[in-house]
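S.K.: quick one: sequence plus predicted model below, questions after.
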Amino acid sequence: MLQTLANLGEFLGGMAVIAGVVFAVIQIRQYREGKHREIALELLRSFQTPDFARALRAVYNMPEGLTKAEIEAHLRGDMDLVYALSTTWESLGVLVFRRELDLGLVDDFFSGPITISWNKLEPYFLGERKEQNRETIGEWFEWLAGQMRRRESTLPPIPAHIAHKDWE
């Protein structure tokens, strides 16, 4: 009888440990999901500024294929805003590379703006690299745009209103 009680106690103790581990795993998963939501909301808030919108509009309105000098002339007073925009893309590139941000999340939010920005500003950064003799200028912006292009080469971008039209 004592042996049976000891075995039952051992079994219940083991079950308690297993339940604790399962509970911890669930808590960790919920924490991570909460963190991802928090990051997504912070990301969204950080880009909803008038200066960010002006910078993006300035880049969008710029023709492709301009030289570095032509880009500077075209952007004139907006060059500081565009510099801030490009350092934002640069920062996102580092965060994605270090897996602090999910590439899919950045893709959902900004794949178009990132690739359009790089396509139009690439000559500027290549010129800066040459003038400053520093290959790392804009490196993470370029890397991030490359990741967006790579994703789009295997999965062409489908607008959300089409891709998720049956979402409930």
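M.R.: Great, that's in hand.
S.K.: in stretch 136-145, what's buried?
M.R.: 137-138, 140-145 (16 or more other Cβ atoms under 10 Å). All C-beta spots, glycine's among them, are computed from the backbone N, C-alpha and C.
S.K.: mind listing the helices for this structure?
M.R.: 2-47, 50-60, 68-75, 79-97, 103-132, 139-154, 160-163 (DSSP state H).
S.K.: out of the buried residues of stretch 136-145, which comes closest to residue 124?
M.R.: Using Cβ to Cβ, residue 138 comes nearest to residue 124 of the buried residues of stretch 136-145, at 8.3 Å.
S.K.: who touches the closest one in this structure?
M.R.: Shown in contact with residue 138 (Cβ atoms under 8 Å, 6 or more residues apart in numbering): 86, 90, 121, 125, 128-129.
S.K.: next, it: phi, psi?
M.R.: phi 70, psi 20 (degrees, to the nearest 10).
S.K.: how close does it sit to residue 87?
M.R.: According to Cβ to Cβ, to the nearest Å, residue 138 stands 9 Å off from residue 87.
S.K.: and what of residue 130?
M.R.: Counting by Cβ to Cβ, the gap from residue 130 to residue 87 is 19 Å.
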